[in-house]
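S.K.: sequence unknown, structure follows:
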């Protein structure tokens, strides 16, 4: 038989249990302390500011004449007697370039001159005979038929004189065209004729560059052409490595459907080193001022380029941007935050949109 504890014993056991629980709670350290805030990411910052951007965009090109003309003869069948110039010759307007043999034409001109003299004498004689019958139409001295015959003879011989004179003038004009002359002042850039050849009308003998003016011809992508304007500065790097300063003279209005390029021409100063047909690198654009940030501040992902903008409460915000040219460690912002905005540079890669950051120092 189990004995039942008395009430006093039960009270004493309950008190002991309470004391044991309090002791164990005291050994456990009591309530847990509040958790500390996570450390902020430290970033360096810089500002969107106007900076000098080189802006140079290069394109392969070649040197061409500003205005080029093919010099040809307009007479055929005459032998080339002499060639007076070579490639590279600088000639004034009207200078003789080549001379065709005029021996056959000289004999023809002599024959026509002699024929003209004879016809002029005959015309004078016929005119005199016609003059003598003036007023005799009704006198009965000569028949009407004889009078009319003298008058017709005078008119016929006069017409023969005019015809021969026209033939002589044509021969003289052709003789003047046997001297091939420069249509304007310039430089001979090609000679295709040789002495002894037979000239053919319309066949080019020489090619000339007008006024010694040579320019650079380049083909640029459509996107680049959209940023160019007539008068923009450009530099042309010759094969020797020398740079010449020029200006954009012309921008094509048609995009090639096959290559997607647009032509651009750059006017250059007169220089003896410029040779038509030579290759050159054309660098469009010069130093200019544009909003820019350090290139390390720009980040990229699948959505494109962006910056981490820092507000007054030191919170960062993602801002999409469109970049342009680069120079001196800075990148141009064509689209993005305004000038004066603060952006995170170093450490920005470890931040997310909305994070609060600690500012270390301004980026240099």
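M.R.: That came in fine, so what should we check first? The structure presented is a predicted model; accordingly, all values stated were derived computationally and were not measured.

S.K.: Tell me the secondary structure at the residue most central in space within the chain.
M.R.: Geometric centre of the chain, nearest residue: residue 264, 1.3 Å, by C-alpha atoms, centre = their mean. Three-state assignment for residue 264 (DSSP: H, G, I helix; E, B strand; the rest coil): strand.

S.K.: Look up which residues are beta-bridged to it.
M.R.: Beta-bridge partners recorded for residue 264 (DSSP bridges): residue 218, residue 251.

S.K.: how distant is the strand or helix carrying residue 291 from the center of its chain?
M.R.: Element membership for residue 291 (DSSP states H and E) is strand 288-294. Its chain's C-alpha centre lies 25 Å from the corresponding centre of strand 288-294 when counted by C-alpha atoms, centre = their mean, to the nearest Å.

S.K.: what residues are up against the residue nearest to the centre of the chain?
M.R.: If you count contacts by C-beta atoms under 8 Å, 6 or more residues apart in numbering, residue 264 has them with 59, 217-220, 225, 228, 248, 250-252, 282, 284. Heads up, the C-betas are built off the backbone N, CA and C, glycines and all.

S.K.: Redo those residues as TSV? Include distance to residue 45.
M.R.: Listed next are those as TSV, based on distance: C-beta to C-beta, whole Å:
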residue	distance to residue 45
59	37
217	46
218	41
219	42
220	37
225	37
228	35
248	39
250	45
251	40
252	44
282	39
284	34
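
S.K.: Buried ones among the residues you listed?
M.R.: Neighbour counting over the contacts of residue 264 (16 or more other C-beta atoms under 10 Å) leaves 59, 217, 218, 219, 220, 225, 228, 248, 251, 282, 284 as the buried ones.

S.K.: Isn't the third one up against residue 282?
M.R.: Yes: look at residue 218 against residue 282 with C-beta atoms under 8 Å: they come within range, at 4.3 Å.

S.K.: Give me the common contacts of these two.
M.R.: 59, 60, 61, 264, 266.

S.K.: still on that earlier bit, quick check, nearest of the contacts of residue 264 to residue 303?
M.R.: residue 225 (27.3 Å; C-beta to C-beta).

S.K.: gap between the residue nearest to the centre of the chain and residue 234?
M.R.: 8 Å (C-beta to C-beta, to the nearest Å).

S.K.: So for these two, which residues contact both of them?
M.R.: Each of 248, 282, 284 lies in contact with both residue 264 and residue 234 under the rule C-beta under 8 Å, 6+ apart.

S.K.: Which parts of the stretch 201-350 of the chain are helices?
M.R.: 222-225 (DSSP state H, counting those that start in this stretch).

S.K.: Which residue ranges of it form strands?
M.R.: Applying DSSP state E, counting those that start in this stretch to the stretch 201-350 of the chain gives strands spanning 204-210, 214-221, 233-237, 243-251, 261-267, 279-284, 288-294, 299-301, 304-310, 316-320, 322-327, 330-335, 342-344.

S.K.: And the average pLDDT for stretch 314-333 is what?
M.R.: When pLDDT is averaged along stretch 314-333, the result is 89.

S.K.: what's the distance between residue 309 and residue 291?
M.R.: Taking C-beta to C-beta, one finds residue 309 at 13 Å from residue 291.

S.K.: actually residue 181, not the one I typed
M.R.: 58 Å.

S.K.: neighbour-wise, which of the two wins?
M.R.: residue 291 (22 against 14; other C-beta atoms under 10 Å).

S.K.: ok, that one - contacts?
M.R.: For residue 291, the contacting residues are 48, 49, 50, 51, 332, 333, 336, 338, 339, by C-beta under 8 Å, 6+ apart.

S.K.: For PyMOL, what selects the buried ones among those?
M.R.: Buried residues within those, by 16+ other C-beta under 10 Å, are selected in PyMOL with:
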select buried, resi 48+51+332+333+336
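
S.K.: Please identify which of the contacts of residue 291 is nearest to residue 73.
M.R.: residue 332 (56.5 Å).

S.K.: For the closest one, list each beta-bridge partner.
M.R.: residue 292.

S.K.: That one is in contact with residue 321, isn't it?
M.R.: No: taking C-beta under 8 Å as the definition, residue 332 is not a contact partner of residue 321, at 9.9 Å.

S.K.: which element is residue 152 on?
M.R.: Per DSSP H and E: helix 144-176 holds residue 152.

S.K.: Can you pull the phi/psi pair for the nearest residue to residue 202 once chain neighbours are set aside?
M.R.: Closest residue in space to residue 202, ignoring its immediate chain neighbours: residue 72 at 5.7 Å, by C-beta to C-beta, 6 or more residues apart in numbering. Note on residue 72: backbone dihedrals following degrees, to the nearest 10 are phi -140, psi 170.

S.K.: Check residue 66 too.
M.R.: phi -60, psi -40.

S.K.: neighbours of it, just the number please.
M.R.: Neighbours of residue 66 using other C-beta under 10 Å come to 17.

S.K.: wait, it sits on residue 208?
M.R.: No: taking C-beta under 8 Å as the definition, residue 66 is not a contact partner of residue 208, at 11.5 Å.

S.K.: what sits in contact with each of those two?
M.R.: By C-beta under 8 Å, 6+ apart, no residue touches both residue 66 and residue 208.

S.K.: any weak-confidence spans in this protein?
M.R.: Along the chain, the parts satisfying pLDDT under 70 run over 1-38, 54-56, 135-143, 286-288, 361-364.

S.K.: Now with 80, please.
M.R.: 1-38, 52-57, 132-148, 285-288, 325-328, 361-364 (pLDDT under 80).

S.K.: about what we covered before: deepest-packed of the strands of the stretch 201-350 of the chain, please.
M.R.: strand 342-344 (a mean of 24; mean count of other C-beta atoms under 10 Å).
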